[in-house]
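[1] Give the three-dimensional model of this entry:
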Amino acid sequence: MEKLAALDREFFVFLNNLGSERWDWLWLGISDKWMAIPFYAILLFLLFKKFGWRPTLVTMVVVALLVTATDQLANVFKHGFERPRPCQDEELMKIARYVAERCGRFGFFSAHAASSMGVAVFLSLIFNKTYKHFWILLIFWTILVSFSRIYLGVHYPGDVLVGWIFGAILGWLFFRFREWLIQKMLSSVA
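    As a prediction, the model looks like this:
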């Protein structure tokens, strides 16, 4: 386990040091959940265009539950493992860049990575037949959001990887839950 932690630390330093002050504003923006509102608005429009109001509202509620689940599960893990974030390690910060506006105490695993991957998997499954290659954009968005957490100095790559795994699993489970809800809704109308 110590070798894995050392490798994670080395990979963090490498990735984190790829950054420069010139691009800090961009990565702070990518990591800010409010900056994604235009992207979410486009996704909402596509959902409405494909399904109409009722299924879109159901989908919005399920996405809210999915994001809440990934966030709360990440909190359980953060406080269960109590792995300090890179920005909490004074020795590490001598050789790494800390750009974020604040640094929480614990960081295992990344809620940003889990939520973005969960939503990407969820929406990829929904749009699979209509927009066959849409998943590429969603995964690219997930990679950007996740890398921003390393760039800013608040997560190790291992935090991101584990977040992706949990996010993918929860995204699939919540997709199945949405399908069940839509079937119930359709059968009650018929």
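[2] List the buried residues in the longest helix along the chain.
    Counting residues, the longest helix found in the chain (DSSP state H) is helix 157-189. By 16 or more other C-beta atoms under 10 Å, the buried positions in helix 157-189 come out as 157-160, 162-164, 166-168, 170-171, 174-175, 177-178, 182. Heads up, the C-betas are built off the backbone N, CA and C, glycines and all.
[3] do stretch 76-88 as well
    77-78, 83-88.
[4] Can you get me the start-to-end distance on it?
    Its start and end residues considered, stretch 76-88 measures 19 Å (C-alpha to C-alpha, to the nearest Å).
[5] mean confidence for that stretch?
    For stretch 76-88, the mean per-residue pLDDT is 92.
[6] re the thing from before, hmm, which two among the buried residues of stretch 76-88 are most spread apart?
    Within the buried residues of stretch 76-88, two members stand farthest from each other by C-beta to C-beta: Phe77 and Cys87, at 17.9 Å.
[7] got any ranges where this structure has weak pLDDT?
    Applying pLDDT under 70 to the chain flags residues 189-190.
[8] give me that answer again for 80
    1, 186, 188-190 (pLDDT under 80).
[9] all helices of it, in order?
    Using DSSP H, the helices of the chain run over residues 2-16, 24-31, 37-51, 53-81, 90-93, 111-127, 134-151, 157-189.
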